[in-house]
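# Below is the sequence, then the predicted model.
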Amino acid sequence: MSLVEVDSRYRVTLTSDVRKMVEVRKGQRVYIVPKGDSFVVIPLSDDVDSQLQKLIGNVKFNKAARKKAETFLFKQAR
Amino acid sequence: MADTEFLFSLRPKDRWTKPTRKILRKVRQHGIQVRLLESAVQEMRAVLFSQGKSHRDAYRSLILIKTKLTKHGILEEPTTIDDYILADKLREEHAELTYFDSLHAAAALRLNTILLTNDNVYARCEVKTITFEELAR
């Protein structure tokens, strides 16, 4: 936990306490999404393609997969 | 207007990666407008969950995809109540359409725009389409 100030250009500092808990490097891009009256900041991988491949590279997308997704969705809705 | 296949084609080893890269180049260099249907994101999530992916996998994938879309200036097109009404009407008339086919088709019809898709199912409900290869040319 740390208390920091928003500077004149709306920047905030990620203090060492925070960096110890969530690894982040200088120059690394982060994704910021508003959440009510706060923000969620998620560090992004440098290599978007390889991360995407790692996460969902094995997911099938064809007629059968689409049908399965539709069935899954309708089951969830019940 | 891009459907779900476009989202999956952002993976580096997808079968449509090559034309998609060309399309993204055209978007950046020639100002061609491609917008992503919200229903495509809905379908992508359903596909991921139905194949056992976790919520963490889903949101991390979506962040990466959003990063790529933002980089290329591709905007999102929200789904409206009109789309759901039209989608159900389309499904009543065309039983061959899936739940998501009908949503993608409805948005394209409402906006009177061209759907970027490799699926030929849309021809039956008078949706104008263009394939990845055609747009990449």
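Thanks, I have it. Numbers count the residues shown, from 1 in each chain, chains lettered A, B, ... in the order given.

# tell me, how many neighbours does residue 23 end up with?
Reading this off chain A. 8 (other C-beta atoms under 10 Å in any protein chain shown). Bear in mind the C-beta positions are built from the backbone N, C-alpha and C, glycine included.

# look at chain B instead
26.

# Ok, B:Leu109 next?
The burial count for B:Leu109: 20, using other C-beta under 10 Å.

# Looks like it contacts B:Thr129 (just checking).
No: assessed by C-beta atoms under 8 Å, B:Leu109 is found out of contact with B:Thr129, at 11.6 Å.

# Would you verify that A:Tyr31 is located in a strand?
Yes: checked against DSSP: H, G, I helix; E, B strand; the rest coil, A:Tyr31 lies within a strand.

# Can you tell me who it pairs with across the strands?
With DSSP bridges applied, A:Tyr31 shows beta-bridge pairing to A:Ile42.

# State the number of residues packed around it.
Per other C-beta under 10 Å, the neighbour tally for A:Tyr31 reads 17.

# which residues does it contact?
The contact partners of A:Tyr31, by C-beta atoms under 8 Å, 6 or more residues apart in numbering or on different chains, come to A:Val41, A:Ile42, A:Pro43, A:Leu44, B:Ile63, B:Lys66, B:Thr67.

# which among those residues gets closest to B:Arg91?
B:Lys66 (29.4 Å; C-beta to C-beta).

# For the spatially closest residue to the closest one that is not a sequence neighbour, give me the pLDDT.
Nearest non-adjacent residue to B:Lys66, counting by C-beta to C-beta, 6 or more residues apart in numbering or on different chains: A:Tyr31, 7.3 Å away. As predicted, A:Tyr31 sits at a pLDDT of 88.

# any idea how far A:Tyr31 lies from B:Leu135?
28 Å (C-beta to C-beta, to the nearest Å).

# ok, B:Val27 - how many residues close by?
17.

# what kind of secondary structure is it in?
Classified using three-state DSSP, B:Val27 is helix.

# next one: phi and psi at the closest residue to A:Leu14 other than its chain neighbours?
What sits nearest to A:Leu14 in space, not counting adjacent residues and going by C-beta to C-beta, 6+ apart, is A:Val24, at 6.0 Å. With angles defined as degrees, to the nearest 10, A:Val24 sits at phi -150, psi 140.

# List the residues that contact A:Val24.
A:Leu14, A:Val30, A:Pro43 are the contacts of A:Val24 under C-beta under 8 Å, 6+ apart.

# Quick one: buried ones out of those?
Not one of those meets the buried threshold, by 16 or more other C-beta atoms under 10 Å in any protein chain shown.
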